[in-house]
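Asks: A predicted structure for the sequence below; I have some questions about it.
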Amino acid sequence: MTAPVITTVFSIGYLGVTVWLCREVKLNAKALCLCGLTCALTLVLESIMIPLPTGAAIPLGAMIPLMLLALIYDYRLAFLSGWITGILAIILIPVWQPVHWAQLFVEHLVCFSCLGYAGIFGNQKRGRILVGMLLAIFLKFWGHVLSGVIFFSQNAWDGWGAWGYSLTYHLSSKIPEAILTMVIVSLLPLGTMRKALHKHP
């Protein structure tokens, strides 16, 4: 019973805090356009997978669009865009089709929207950006792990158990993806991109 309790607390806590943070987000025409572009790009990149021997796969930079939206525009809009992306992924990406309705709350509404936390500590200093990205990746990782423990334990390798299987499965893909994402985002001229984006209302 430990895994369901942890998963429930994690999901409710995450969604509660994130919804509260979104309370003053502004949805003007510019924001809606950015939301649509970010969702589309994320879904395309999420569909391009690099398979691994563990059975997992690394999406080709799928975390970058939502993180960029959080860092150069508004992390609250990134939360909303992530939720929309999670719902659309169910329809458009076969591997994201849920095996149970509760998976929607544990994984789909967490593992995209959490990338908005990359901008939660500010977007001016590299140190704050790095901490924000680490927090976003941490939340995404545990959203996937808990979903694996609850909904995919039947796929566990012999002798590994649900936790061992899910942790190993997701570590094999999420660590390389996280490193790639952080390197690319760190190399981008975020300040210039931010000024260009905010230059026109």
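Replies: All right, it came through fine.
Asks: what separates the residue most central in space within the chain from P4, distance-wise?
Replies: Closest residue to the average C-alpha location of the chain: F112 at 3.1 Å, with Cα atoms, centre = their mean. Remark: distance between F112 and P4 (Cβ to Cβ, to the nearest Å) = 23 Å. (Glycine included, C-beta is placed from N, CA and C.)
Asks: do you know how far T181 is from K140?
Replies: The value you get for T181 to K140, if Cβ to Cβ is used, is 10 Å.
Asks: Could you check which helix or strand contains L167?
Replies: Assigned by DSSP states H and E, L167 belongs to helix 161-187.
Asks: which residues touch the residue nearest to the centre of the chain?
Replies: 42, 66, 81-83, 85-86, 89 (Cβ atoms under 8 Å, 6 or more residues apart in numbering).
Asks: And S81, by the same measure?
Replies: By Cβ under 8 Å, 6+ apart, the contact list for S81 reads 34-35, 38-39, 42, 66, 69, 112-113, 116.
Asks: In the protein, where is pLDDT below threshold?
Replies: 1, 200-201 (pLDDT under 70).
Asks: Strands along that one, start to end?
Replies: Counting by DSSP state E, the chain has strands at residues 49-51, 57-59.
Asks: Most tightly packed of those strands?
Replies: Most buried of the strands of the chain by mean neighbour count (mean count of other Cβ atoms under 10 Å) is strand 57-59; its value is a mean of 18.
Asks: now for it, which elements pack on it?
Replies: strand 49-51, helix 161-187 (3 or more Cβ pairs under 8 Å, 6 or more residues apart in numbering; DSSP states H and E).
Asks: I figured H100 was touching F151, is that so?
Replies: Yes. At 5.6 Å, H100 counts as touching F151 under the criterion of Cβ atoms under 8 Å.
Asks: The two - which one has more neighbours?
Replies: Using other Cβ atoms under 10 Å as the criterion, H100 and F151 rank with F151 on top: 19 against 10.
Asks: Show the contacting residues for the more buried one.
Replies: Going by Cβ under 8 Å, 6+ apart, F151 touches 98-100, 102-103, 106.
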